[in-house]
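>>> Give me a model of this one.
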Amino acid sequence: MAFLQWSCQDVARWIESLGFPQYKACFVDNFITGRKLIYVNCTYLPRLGVTDFKDMKVICARVRALLGIEDTPWSRSIADPPAGSRVLFLEKKSRTGGRADGLAYMRASERDGRHRNKKEQ
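Now for the predicted structure:
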């Protein structure tokens, strides 16, 4: 998960490597670091300045592939169980501060598992 350490410039270089050099400034100007990539989806890309739908689809697919998460089905209800442990970890890791910095994937997924087990009992 080296991408979690990426700076805004690293993310911009990655966007350029995908074939979208025109969007480098969008990611730098909006301070999108590797930790913030979990929030990059077709809802937020227009706010960053990416408005071409074909480009949005490609960027979102590549972000999901990089993060190792699957696309959320459009018909998923908010009443469904929460997202998988990897998505929950990346959401927690996207924050800043000592807690997020010290968070490791295994510890986060174990803690979430214990939390769910307590709720089920």
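
>>> average model confidence for stretch 21-30?
In this model, stretch 21-30 has a mean pLDDT of 96.

>>> Between its first and last residues, how far does it reach?
End-to-end distance for stretch 21-30: 15 Å, by CA to CA, to the nearest Å.

>>> how about that stretch: buried residues?
23-24, 26-27 (16 or more other CB atoms under 10 Å). Any C-beta I mention is one placed from the backbone N, CA and C, and that applies to glycine too.

>>> and which of these is nearest residue 6?
Residue 6 has its nearest neighbour among the buried residues of stretch 21-30 in residue 27, at 10.2 Å by CB to CB.

>>> ok, that closest one - contacts?
8, 11-12, 15, 48 (CB atoms under 8 Å, 6 or more residues apart in numbering).

>>> Give me the three-state assignment for it.
With DSSP: H, G, I helix; E, B strand; the rest coil as the basis, residue 27 sits in helix.

>>> With residue 8 as the reference, measure out to it.
Distance, residue 27 to residue 8, by CB to CB, to the nearest Å: 6 Å.

>>> next one: residue 58
20 Å.

>>> of the two, who's got more company?
A count of neighbours by other CB atoms under 10 Å puts residue 8 above the other of residue 58 and residue 8, at 17 against 14.

>>> just checking, that one touches residue 33?
Yes - here residue 8 reaches residue 33: they are 5.7 Å apart, a contact under CB atoms under 8 Å.
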